[in-house]
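Peer 1: pasting the sequence and the predicted model now:
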Amino acid sequence: MISVIDYGAGNLFSVCNALRYLNISYEVTKDADAISRADAVILPGVGAFPAAMDSLHETGLVDCIKENAKKKPLLGICLGMQMLFDKSDENGDCAGLSLISGEVHRIPSKKMIIPHMGWNELVITQESPLLAEIETPVYTYFVHSYQAFCDDKHIIAYCDYDGKIPALVTDGAYVFGAQFHPEKSGEKGLQMLRNFERLAK
Amino acid sequence: MLAKRIIPCLDVRHGKVVKGVNFEGVKDVGDPVACAAEYNRQGADEIVFYDIVASHEGRGTFLDVVRETAKQVFVPLTVGGGIASVDDMREALRAGADKISVNSAAVRNPKLISEGAEVFGSQCIVVCIDAKRDGKGGYTVYANGGRIDMKVDLLEWVQEIERRGAGEICLNSIDTDGVRGGFDLEMLNAVCARVRIPVIASGGAGKLSDFATVFEQTDATAALAASLFHFGELTIPQVKADCRSKGILMR
């Protein structure tokens, strides 16, 4: 059973649609006990960083998520991935979950269109179980204006958008984050969700 | 770098897919959910649904189509037709749309663009334009599926759209739509020169090479077509293979 954290994130339903289509058992929850029982956790997210952190704090789940991230797979998607880092300066400084060290800032390119929106190719720099059975080239669907800045050791794959944007990140243990939307990235995105479920077992 | 996108468009009426040729003479092509799933399988980069009736009574049926599609299609889904308020946008997003396309209502009430962008984010708002040559060297914007001349200059309108925070423009040339002689390169270049936001080319695709041509000769970031794909004359993999062979980045 995968717990999908319910804190009002905009892409909650599309993530659930994908899990249902894949016959992956999941529950949408804001219950700490349910999360503690789950085999894995997904943290969705669309919108602005501080508002999302506020909503997450309101559920009272922040400590629970941090605790569970030490012992079972956690996947943050889009803003959910950004929230795994130490802090963001979107609409003012705001602390994140500090599960992966790094910070979130606006995409620095002056010449590219922001938001970075569309299908971009993953440049894979590290092997990962999340990329099992996925043939290259891997294009995934991105929609975001802010990006993570972190040590290369945390980056499984990045994409190039007049600079390097961490696309798939990890703490090296149980925590994973996807800046793109696997639930909107066609068959290869769905395969990543299948791979994540396998990690949960 | 971002891949160029190939987008099939499904016009939906009473829960069925239709396609008007030059907006006249509508013909049934089938079940929208099945069509969308097939396009997803073929590798469409995005799928667009237009509610061409957009009547109050038919809205529920249309949103059911969107809801069902979102359960089995895992690429971005854009929904348009009859979107006239932020509430309409919210309803479509809740049904599973990722982006909202506004057309006539935005020409009549441009604030709709800024309000939508503010509430849901720029990435959610696509402004679709039906435009035509005005016979004096310029282009004018039409509403209601190309039936009403709004007397709005296209190049001024696209700048206003960008200023109001739209995420993308979908430019449909009435002059080339349904004629199948290729996309309107001239109109697209005129618009791309005026805005920085992505422009989707629509109207006129008739043969395989038209797609590569629009990417080679304009700055359009995506190309949209309907009947060409519905009737199986061309498949999305064929179009992508042709573009790739000409060095165009495709997913």
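Peer 2: Structure's in. What do you need?

Peer 1: from here on, just use CA atoms for contacts and neighbour counts.
Peer 2: Fine.

Peer 1: quick one: the strands in chain A?
Peer 2: A:2-5, A:26-29, A:40-43, A:74-77, A:87-88, A:94-95, A:102-106, A:116-121, A:123-124, A:139-144, A:146-150, A:155-160, A:164-170, A:175-178 (DSSP state E).

Peer 1: then chain B?
Peer 2: Under DSSP E, chain B gives strands at B:5-13, B:16-21, B:24-30, B:47-51, B:77-80, B:99-102, B:125-133, B:139-143, B:148-153, B:168-173, B:199-202, B:222-225.

Peer 1: ok, of those, where does mean pLDDT dip lowest?
Peer 2: Of all the strands of chain B, mean pLDDT reaches its minimum on strand B:24-30 (a mean of 49).

Peer 1: which residues are in contact with the residue nearest to A:Ala132 when sequence neighbours are not counted?
Peer 2: With sequence-adjacent residues excluded and distances taken as Cα to Cα, 6 or more residues apart in numbering or on different chains, A:Ala132 is closest to A:Asn195, at 6.7 Å. The contact partners of A:Asn195, by Cα atoms under 8 Å, 6 or more residues apart in numbering or on different chains, come to A:Pro129, A:Leu130, A:Leu131, A:Ala132.

Peer 1: do the same with A:Cys16
Peer 2: By Cα under 8 Å, 6+ apart, the neighbours of A:Cys16 are A:Tyr26.

Peer 1: and what of the one 5 residues further on?
Peer 2: Taking Cα under 8 Å, 6+ apart, we find A:Tyr21 in contact with B:Lys71, B:Gln72.

Peer 1: ok, the residue nearest to A:Ala132 to B:Arg133 distance?
Peer 2: Separation of A:Asn195 from B:Arg133 (Cα to Cα, to the nearest Å) stands at 52 Å.

Peer 1: ok, residue 42 - how many residues close by?
Peer 2: Picking chain A for this. 26 (other Cα atoms under 10 Å in any protein chain shown).

Peer 1: chain B was what I was after
Peer 2: The burial count assigned to B:Gln42 is 13, neighbours taken as other Cα under 10 Å.

Peer 1: ok, A:Ala51 to A:Ile114 distance?
Peer 2: In this view, A:Ala51 and A:Ile114 are 20 Å apart by Cα to Cα.

Peer 1: neighbour-wise, which of the two wins?
Peer 2: The neighbour count for A:Ala51 versus A:Ile114, taken as other Cα under 10 Å, is higher for A:Ile114 (20 against 13).

Peer 1: surely the more buried one meets A:Phe142?
Peer 2: No: A:Ile114 sits out of contact with A:Phe142 when judged by Cα atoms under 8 Å, with a separation of 11.4 Å.

Peer 1: can you lay out the strands of chain A as TSV showing mean pLDDT and distance to chain B?
Peer 2: Converted to TSV, the strands of chain A look like this (pLDDT from 0 to 100; distance: least, Cα to the nearest Cα, whole Å):
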stretch	mean pLDDT	distance to chain B
strand A:2-5	96	17
strand A:26-29	96	15
strand A:40-43	97	18
strand A:74-77	98	15
strand A:87-88	96	19
strand A:94-95	96	20
strand A:102-106	97	15
strand A:116-121	96	5
strand A:123-124	98	11
strand A:139-144	96	6
strand A:146-150	97	13
strand A:155-160	98	6
strand A:164-170	98	10
strand A:175-178	98	16
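
Peer 1: got TSV for these, with distance to B:Ser202 too?
Peer 2: Shown next, in TSV, are the strands of chain A (distance: least, Cα to Cα, whole Å):
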stretch	distance to B:Ser202
strand A:2-5	38
strand A:26-29	39
strand A:40-43	37
strand A:74-77	32
strand A:87-88	39
strand A:94-95	42
strand A:102-106	32
strand A:116-121	18
strand A:123-124	31
strand A:139-144	22
strand A:146-150	30
strand A:155-160	28
strand A:164-170	31
strand A:175-178	32
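
Peer 1: for A:Leu61, find the nearest of those strands.
Peer 2: The closest of the strands of chain A to A:Leu61 is strand A:2-5. By Cα to Cα, the value is 8.9 Å.

Peer 1: give the pairing partners of that closest one; include direction for each.
Peer 2: Using DSSP bridges, strand A:2-5 pairs in its sheet with strand A:26-29 (parallel), strand A:40-43 (parallel).

Peer 1: just the CA atoms of the first one, as PDB, please.
Peer 2: Read that as strand A:26-29. Extracted in PDB, the C-alpha atoms of strand A:26-29 (Å, rounded to 0.1, in the frame of the first residue of the first chain):
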ATOM      1  CA  TYR A  26      -2.800   3.300  -2.700                       C
ATOM      2  CA  GLU A  27      -4.700   5.400  -0.300                       C
ATOM      3  CA  VAL A  28      -5.000   9.200  -0.200                       C
ATOM      4  CA  THR A  29      -4.500  10.100   3.400                       C
END
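
Peer 1: so A:Met53 makes contact with A:Asp93?
Peer 2: No: using Cα under 8 Å, A:Met53 is not in contact with A:Asp93, being 11.5 Å away.
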